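J.: sharing a model that was predicted from the sequence below.
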Amino acid sequence: MSRIEIGNMNCAGCAKGVTSVVKATDPAAQVEIHLDSKQIAVTGSSVEGGALIAALQAAGWKAQAATR
């Protein structure tokens, strides 16, 4: 499982956009959204967390590995 903090994810529309990027990177990934902490949890993905973060950053999201 990868936990990723998305600094500029503020609403359901943002969550949908973040999910779209993750699913485009790995269609098998399951994405759990936590708007209150601005984090996502990605499971079932064969793509490493660093690659997911890079894809999110390339799409304009302020993504980094979650520290908590």
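T.: Cool, the structure landed.

J.: just confirm Ala28 contacts Gly44, I think it does.
T.: Yes - at 5.6 Å, Ala28 counts as touching Gly44 under the criterion of Cβ atoms under 8 Å. C-betas here are computed from N, CA, C, even on glycine.

J.: and stretch 43-52, C-alpha only, in CSV?
T.: Extracted in CSV, the C-alpha atoms of stretch 43-52 (Å, rounded to 0.1, in the frame of the first residue of the first chain):
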residue,chain,number,x,y,z
THR,A,43,-3.7,-0.6,-2.9
GLY,A,44,-3.6,-3.4,-5.5
SER,A,45,-1.2,-1.5,-7.6
SER,A,46,1.9,-3.0,-9.3
VAL,A,47,3.3,0.5,-9.7
GLU,A,48,5.7,1.8,-7.0
GLY,A,49,4.7,4.8,-4.8
GLY,A,50,7.4,6.9,-6.3
ALA,A,51,6.0,6.4,-9.8
LEU,A,52,2.5,7.3,-8.7
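
J.: which of the residues in it are classified as buried?
T.: If you call a residue buried by 16 or more other Cβ atoms under 10 Å, then stretch 43-52 has these buried ones: Ser45, Val47, Gly49, Leu52.

J.: now, which of those sits nearest Ala66?
T.: Comparing the buried residues of stretch 43-52 against Ala66 with Cβ to Cβ picks out Gly49 as the nearest, at 9.4 Å.
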